[in-house]
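Novice: Model the structure of this input:
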Amino acid sequence: MAAWVSWSCGKDAAYALGLRADVTGLFTTVSAGRVPVHGVPRELVEAQAAALGLPLHVVELPWPCPNAEYERRTGAALAAARAAGADTVVYGDLFLADIRAYRERTLAGTGLTPEFPLWGRPTGPLARAMIAAGLRAVVVSVDPARVPAELAGHAFDEEFLAALPEAVDPCGENGEFHTFVTDGPGFRSPVPVVVGDVGERDGMAVAELGLSRSA
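Specialist: Just a heads-up that it's a prediction; the model follows:
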């Protein structure tokens with residue numbers, strides 16, 4: 001058996017990866033040089049893959065990207081995974097049933113089996129298990145309507161969790177915040193990043209990340 005991980009660059013995908021010993025590749029989508037939703041530059045995701053010692057298959061998306069074109073391009077990535085010997089695609093989804101159903105439909109007939117190792121786990125204990133396992137991440141963006149904007153750029157740690165409003169999911173599964181992982185299980189070395197200014201992008205408070213050139 002061999003698995004590829006649907007790689008968002010965030011904590012959920014990274015923790016799911018760390019639960020398997022047979023991961024042989026990652027695939028991610030990039031639009032205008034950045035990972036959609038998380039908004040981090042492509043070179044940071046490439047640095048993650050290098051630190052994990054895994055090949056990264058990048059799916060270039062146009063902007064805007066009609067769904068049919070998205071499915072055509074991601075379908076080519078799935079075919080590449082199958083051709084490389086993978087029989088499983090690992091996703092870091094937690095509890096959004098519509099997203100899981102879409103993943104399952106997408107993989108139907110491809111020869112690849114979707115796997116959701118974190119599915120249904122209570123997100124408060126899960127967030128703390130990630131931290132306890134040595135996962136290190138930066139909160140790259142927050143929805144300022146739900147999470148204080150000053151938490152953008154904060155480490156994903158116990159202090160961050162304590163600062164979240166009560167209604168916010170501790171793993172941000174409803175889009176309240178997004179993360180970029182710098183170290184954790186499976187990483188051969190940390191990804192050295194610098195956290196820049198916080199600005200606004202697509203309604204989110206976003207901390208600009210870059211690679212540290214002095215590391």
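Novice: quick one, helices of the chain?
Specialist: For the chain, the helices defined by DSSP state H cover 11-18, 42-52, 67-83, 97-107, 123-132, 158-163.
Novice: Find the one among these with the highest mean neighbour count.
Specialist: helix 11-18 (a mean of 25; mean count of other CB atoms under 10 Å). (Each C-beta comes from the backbone N, C-alpha and C, glycine too.)
Novice: Tell me how far the spatially closest residue to Glu158 that is not a sequence neighbour lies from Ala162.
Specialist: Nearest residue to Glu158, sequence neighbours excluded (CB to CB, 6 or more residues apart in numbering): Ile131, at 6.4 Å. Separation of Ile131 from Ala162 (CB to CB, to the nearest Å): 12 Å.
Novice: give me the low-pLDDT residue ranges for the protein?
Specialist: Scanning the chain for pLDDT under 70 picks out 214-215.
Novice: hmm, back to that, I'd assumed Asp157 was in contact with the residue nearest to Glu158.
Specialist: Yes - between Ile131 and Asp157 there is a contact under CB atoms under 8 Å: 6.0 Å.
Novice: List the contacts of Val58.
Specialist: With contacts defined as CB atoms under 8 Å, 6 or more residues apart in numbering, Val58 is in contact with Phe27, Thr28, Thr29, Val30, Arg42, Val45.
Novice: Look up which residues are beta-bridged to the fourth one.
Specialist: With DSSP bridges as the criterion, the beta-bridge partners of Val30 are Glu60.
Novice: tally of neighbours for it?
Specialist: Using other CB atoms under 10 Å, Val30 has 17 neighbouring residues.
Novice: quick one: it from Leu112, how far?
Specialist: Remark: distance between Val30 and Leu112 (CB to CB) = 21 Å.
Novice: Repeat that for the first one.
Specialist: Separation of Phe27 from Leu112 (CB to CB) stands at 11 Å.
Novice: ok, now the last one?
Specialist: For Val45, the distance to Leu112 under the criterion CB to CB works out to 21 Å.
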